[in-house]
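Student: After the sequence you'll find the predicted model.
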Amino acid sequence: MFVIIVYDTEKRNCVRLHKNLKRYLFWNQNSVFEGSLTKAQYEEVKQILKDNIVDSSHVVIYSMENEKLLKREELGIEKGNTSNFL
């Protein structure tokens, strides 16, 4: 499944979430991650989010079974890294 995760949290919590999410997904831009996950990985990511967010956090997970159903357009300067290449 393809997921997009968007979060809003305290500054001190951003580093923790970023570190954990980048193990599974590509960092797109500030507080936005995306990529394909298995169902087991999806459940792991949800548990990581539950374990690592603070009370004032807000997380939105968009998911779809097929990435081909997603139309994506970008404007401006890219901040994240969606490439697997170094």
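Tutor: That came through, no problem.
Student: Name the SS class of the residue positioned nearest the centre of the chain, please.
Tutor: Among the residues of the chain, the one closest to the centroid is residue 33, at 2.6 Å (CA atoms, centre = their mean). Using DSSP: H, G, I helix; E, B strand; the rest coil, the structure places residue 33 in strand.
Student: residues contacting the nearest residue to it once chain neighbours are set aside?
Tutor: The shortest distance from residue 33 to any residue other than its chain neighbours is 4.0 Å, reached at residue 25 (CB to CB, 6 or more residues apart in numbering). C-beta: built from backbone N, CA, C; applies to glycine. For residue 25, the set of contacting residues under the criterion of CB atoms under 8 Å, 6 or more residues apart in numbering consists of 3, 5, 33, 34, 35, 37, 45.
Student: hey, where'd the strands end up in this protein?
Tutor: 2-8, 26-29, 32-36, 58-64 (DSSP state E).
Student: Serialize those to JSON lines and add fields for distance to residue 51 and mean pLDDT.
Tutor: Listed next are these as JSON lines, based on distance: least, CB to CB, whole Å; pLDDT from 0 to 100:
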{"stretch": "strand 2-8", "distance to residue 51": "14", "mean pLDDT": "92"}
{"stretch": "strand 26-29", "distance to residue 51": "20", "mean pLDDT": "89"}
{"stretch": "strand 32-36", "distance to residue 51": "16", "mean pLDDT": "93"}
{"stretch": "strand 58-64", "distance to residue 51": "12", "mean pLDDT": "92"}
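Student: could you dump the ones you listed to a markdown table with distance to residue 76?
Tutor: Formatted as a markdown table, those follow (distance: least, CB to CB, whole Å):
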| stretch | distance to residue 76 |
| --- | --- |
| strand 2-8 | 17 |
| strand 26-29 | 10 |
| strand 32-36 | 13 |
| strand 58-64 | 20 |
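Student: picking up where we left off before, my guess is the residue nearest to the centre of the chain contacts residue 20, does it?
Tutor: No - the pair formed by residue 33 and residue 20 falls short of the contact definition of CB atoms under 8 Å, at 9.9 Å.
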